[in-house]
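Enquirer: Attaching a predicted model along with its sequence, questions to come.
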Amino acid sequence: MIPYGKQNISEEDIAAVTEVLRSDYLTQGSKVPEFEQKIAEYCGVPHAVASNSATSALHLACLALGLGQGDVLWTSPITFVASANCALYCGASVDFVDIDPKTRNLCPEKLAEKLAAAKVSGRLPKIVVPVHFCGEPCDMAKIHALSKEYGFKIIEDASHAIGASHQNGKVGNCQFSDITVFSFHPVKIITTAEGGVATTRDVHLANKMAQLRSHGITRQADEMQGKTHGDWYYQQVDLGYNYRMTEMQAALGVSQMRRLDEFVSRRHQLAAQYDDLLANLPVVLPFRQPENRSALHLYPIWVQPEKRKFIFDDLRQNGVGVNVHYIPVHTQPHYRERFGFQAGDFPNAEDYYAGAISLPLYFDLSNEQQKQVVEILKQALQAA
């Protein structure tokens, strides 16, 4: 089976993890700070806070920005459920902004319309979470301008987008946001097995997220109530969580970061080849803004909805592990039952989902395997 995504692990990666396993510290050692520094330097941002998953990082980001009971978070319906669930963890509610049918990212025009209506009704969001779907950056300049007009905070969900660039700056530099979150799940651009990082320009947000990822505990005397009892002393000053990244994960991340640009370049090569190989087939190819450099986490095509299941099943049966990204979050039973969302609420997202199929795209995908994928797809399209 040719999977839709897959990690690449080198001997150097294995050696880096093995070195940690032979060391004195498997957690809370020097590798997590080293990994955070590598991310921060790459993105051009002062602060990076590592966690055990991007879901945890999203939760920490929401908490650091003060999201809570009575607040609302808006995000895209075309995303993994974690982009919305992070608000529910804080006791807030969730709403969605429909996508641009071309970019498949959160639509700035739809956002502007919804904000104007929400201002009248007194229900503006506290946080908006644009999702860089497939690694293609959203129009962050427009979204940021709206945040200044309407007063909301921005968390970029860049789970797909480590290595991407927008307006000549790396995604993660937080030029147009308060916090950016990356994912390092094995199917992503680089991996730490599981893991996430939140970047920010704000030292107070960074310190708050770092504190909350470790039970809300501080060992800093200036953050304590009263005087410290000694070097052993700590205080829990907030209700936090155990969201720490391990040293093994961080060591793998440090090693993988050395090849990040190589990974992204190969994905661009493969995507360009898909563009050529699929040009004359009855499918809609993914759109990439020329002023951006996508990280190309995914290569989703769009087929006629009435043919999608047949084509999907045929590809799977012939050894191509395609997937669908994503089922619109507002159609999930939990969100329908909790908030009353219905089919038709976000038509662009629903139309996209109806015909979406993600083709294999990963560093180790060979040119021969890619041609095999396309040939099987051709046959499925003809038979459908």
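Expert: That came through fine.
Enquirer: make it CA atoms for all contacts and neighbour counts henceforth
Expert: Will do.
Enquirer: Distance check, the residue of the chain most remote from its centre against Val320.
Expert: Using CA atoms, centre = their mean, the residue of the chain lying farthest from its centre is His229. It sits 41.8 Å away. Here the criterion is CA to CA, to the nearest Å. By it, His229 lies 61 Å from Val320.
Enquirer: which helices and strands sit right next to the helix or strand hosting Gln249?
Expert: Take DSSP states H and E as the rule and Gln249 turns out to sit in helix 247-257. Judged by 3 or more CA pairs under 8 Å, 6 or more residues apart in numbering; DSSP states H and E, helix 247-257 is in contact with helix 11-21, helix 31-43.
Enquirer: Show the average pLDDT along the following helix or strand past that helix.
Expert: Using DSSP H and E, the helix or strand that directly follows helix 247-257 along the chain is helix 260-277. Average pLDDT, helix 260-277: 98.
Enquirer: Next, the buried residues of helix 260-277.
Expert: Across helix 260-277, burial judged by 16 or more other CA atoms under 10 Å covers 260, 263-268, 270-271, 274.
Enquirer: Sheet partners, orientation included, of the following helix or strand past that helix?
Expert: Moving toward the C-terminus from helix 260-277, the next helix or strand (DSSP H and E) is strand 292-293. Applying DSSP bridges to the sheet, strand 292-293 is found paired with strand 165-166 (antiparallel).
Enquirer: List the contacts of the helix or strand just after the strand it pairs with.
Expert: Next along the chain after strand 165-166, taking DSSP H and E as the criterion, comes strand 169-170. Strand 169-170 has contacts (CA atoms under 8 Å, 6 or more residues apart in numbering) with 42-44, 163-164.
Enquirer: swap the cut-off to 10 Å and go again
Expert: By CA atoms under 10 Å, 6 or more residues apart in numbering, the residues outside strand 169-170 that reach it are 42-45, 137, 161-164, 175, 292-293.
Enquirer: repeat for stretch 335-349
Expert: Stretch 335-349 has contacts (CA under 10 Å, 6+ apart) with 76-79, 81, 84-85, 93-102, 104-107, 326-334, 350-351, 353.
Enquirer: just the buried members of those residues?
Expert: Buried among the contacts of stretch 335-349 (16+ other CA under 10 Å): 76-79, 81, 84-85, 93-100, 104-107, 326-331, 350, 353.
Enquirer: got the domain boundaries for the protein?
Expert: 2-257, 260-383 (automatic domain parsing).
Enquirer: which of these is buried the deepest?
Expert: Across the domains of the chain, averaging neighbours per residue (mean count of other CA atoms under 10 Å) puts domain 2-257 on top, at a mean of 20.
Enquirer: Surely Gln256 and Glu12 touch.
Expert: Yes - assessed by CA atoms under 10 Å, Gln256 is found in contact with Glu12 at 8.9 Å.
Enquirer: What residues does the residue farthest from the centre of the chain make contact with?
Expert: Ala221 are the contacts of His229 under CA under 10 Å, 6+ apart.
Enquirer: ditto for Lys142
Expert: Contacts of Lys142 (CA under 10 Å, 6+ apart): 107-109, 111-112, 176.
Enquirer: Quick check: of the residues you listed, which lies closest to Val20?
Expert: Nearest to Val20, judged by CA to CA, of those is Phe176 at 36.4 Å.
Enquirer: The closest one in helix, strand or coil?
Expert: The three-state assignment at Phe176 reads coil, by DSSP: H, G, I helix; E, B strand; the rest coil.
Enquirer: Relative to Gly135, how far out is it?
Expert: Taken as CA to CA, the span from Phe176 to Gly135 is 17 Å.
Enquirer: Please look at Ala87 and Pro125 and confirm they touch.
Expert: No - the criterion here is CA under 10 Å, and Ala87 misses it with Pro125 at 11.2 Å.
Enquirer: quick one: common contacting residues for these two?
Expert: With CA under 10 Å, 6+ apart as the test, Ala87 and Pro125 both reach 67, 71-74, 93-94.
Enquirer: related to what we said a few turns ago, centre of the chain versus the helix holding Gln249, how much separation?
Expert: Mean-position distance between helix 247-257 and its chain equals 18 Å (CA atoms, centre = their mean, to the nearest Å).
Enquirer: same check, this time on stretch 14-32
Expert: For stretch 14-32, the distance to the chain centre is 26 Å (CA atoms, centre = their mean).
Enquirer: just checking, Lys119 touches Pro125?
Expert: Yes - applying CA under 10 Å, one finds Lys119 in contact with Pro125, separated by 9.4 Å.
Enquirer: Identify the contacts common to these two.
Expert: Joint contacts of Lys119 and Pro125 (CA under 10 Å, 6+ apart) are Tyr150.
Enquirer: The most centrally placed residue in the chain: which element?
Expert: By CA atoms, centre = their mean, the chain has its centre lying nearest to Ser159, at 1.7 Å. Under the criterion of DSSP H and E, Ser159 resides outside all helices and strands.
Enquirer: any idea of the pLDDT on it?
Expert: 98.
Enquirer: swap in the one 10 residues further on?
Expert: According to the per-residue confidence, Gly169 scores 96 in pLDDT.
Enquirer: Could you give the bridge partners of it?
Expert: Bridge pairing for Gly169 - DSSP bridges - gives His166.
Enquirer: helix, strand or coil for Leu361?
Expert: Leu361 - assigned by three-state DSSP - is coil.
Enquirer: Per-residue pLDDT of it, please?
Expert: 98.
Enquirer: measure it to Ala271 for me?
Expert: Taking CA to CA, one finds Leu361 at 8 Å from Ala271.
Enquirer: what do these two both touch?
Expert: Shared contacts of Leu361 and Ala271, counting by CA under 10 Å, 6+ apart, come down to 296, 298-299.
Enquirer: can you redo those as JSON lines with secondary structure and distance to Arg201?
Expert: Listed next are those as JSON lines, based on DSSP: H, G, I helix; E, B strand; the rest coil; distance: CA to CA, whole Å:
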{"residue": "Leu296", "secondary structure": "coil", "distance to Arg201": "25"}
{"residue": "Leu298", "secondary structure": "coil", "distance to Arg201": "28"}
{"residue": "Tyr299", "secondary structure": "strand", "distance to Arg201": "31"}
